[in-house]
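Engineer: need the 3D shape of this:
(one chain, ligands or ions: 1)
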Amino acid sequence: MTDPAILDRLAATIEARKSADPATSYVARLLHEGEDKILRKVVEEATEILLASKDGDKRHIARETADLWFHCLVLLAHHGLGPNDVLNELLCREGTSGIDEKALRKMG
Ligand SMILES: N=c1c2ncn([C@@H]3O[C@H](COP(=O)(O)OP(=O)(O)OP(=O)(O)O)[C@@H](O)[C@H]3O)c2ncn1[C@@H]1O[C@H](COP(=O)(O)O)[C@@H](O)[C@H]1O
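Structural biologist: Residues are numbered from 1 along each chain as shown. As a prediction, the model looks like this:
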């Protein structure tokens, strides 16, 4: 059973971890270590998706994508952003073909 509200709940947990103890919270530790550490984790998780994809193991791909989404949420929180900022961006793009968008960009 899927529950799209998990993104909002997770974002709220991450926000709350801004004042938590890095000794007891992974998110608090990441936020405490700062942007470079969070960025390293995002890149690391993206690489792990690459390996999972090449393995072709669907469960593994889903797990690594969850790791990437989670670390992206931490990065967004670091910048004072949340999942709704990304979802709104996707909503704005809905129905616009990437090919059309690229052509419009080239026209200036
Ligand atoms: N969704 C996640 C989640 N996904 C992945 N991870 C952690 O992300 C880490 C990434 O995996 P790695 O193998 O790269 O970990 P690692 O080598 O130990 O990491 P580093 O030493 O490089 O930092 C692991 O420690 C995972 O447990 C997560 N940690 C927390 N959450 C959520 O965040 C909430 C708050 O977590 P805490 O702040 O720890 O309470 C949790 O209740 C969960 O809902």
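
Engineer: from the ligand, how far off is Arg63?
Structural biologist: Separation of Arg63 from the ligand (Cβ to the nearest ligand atom, to the nearest Å) stands at 9 Å. Heads up, the C-betas are built off the backbone N, CA and C, glycines and all.

Engineer: around His60, count how many other residues there are.
Structural biologist: Other residues near His60 number 15, with proximity taken as other Cβ atoms under 10 Å.

Engineer: not counting sequence-adjacent ones, nearest residue to Asp21?
Structural biologist: Nearest in space to Asp21, with sequence neighbours left out and distances taken as Cβ to Cβ, 6 or more residues apart in numbering, is Ala28 at 6.1 Å.

Engineer: which residues touch that neighbour?
Structural biologist: Counting by Cβ atoms under 8 Å, 6 or more residues apart in numbering, Ala28 makes contact with 17-18, 20-22.

Engineer: cool, Glu48 as well?
Structural biologist: Per Cβ under 8 Å, 6+ apart, neighbours of Glu48: 64, 67-68.

Engineer: so which residues on the protein come close to the ligand?
Structural biologist: 10, 13, 17, 25-28, 67, 70 (Cβ under 6 Å from any ligand atom).

Engineer: could I get those as CSV with distance to Leu91 and pLDDT?
Structural biologist: Formatted as CSV, the residues of the chain next to the ligand follow (distance: Cβ to Cβ, whole Å; pLDDT from 0 to 100):
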residue, distance to Leu91, pLDDT
Leu10, 20, 98
Thr13, 24, 98
Arg17, 27, 98
Ser25, 32, 98
Tyr26, 30, 98
Val27, 27, 98
Ala28, 31, 98
Asp67, 25, 98
Phe70, 22, 98
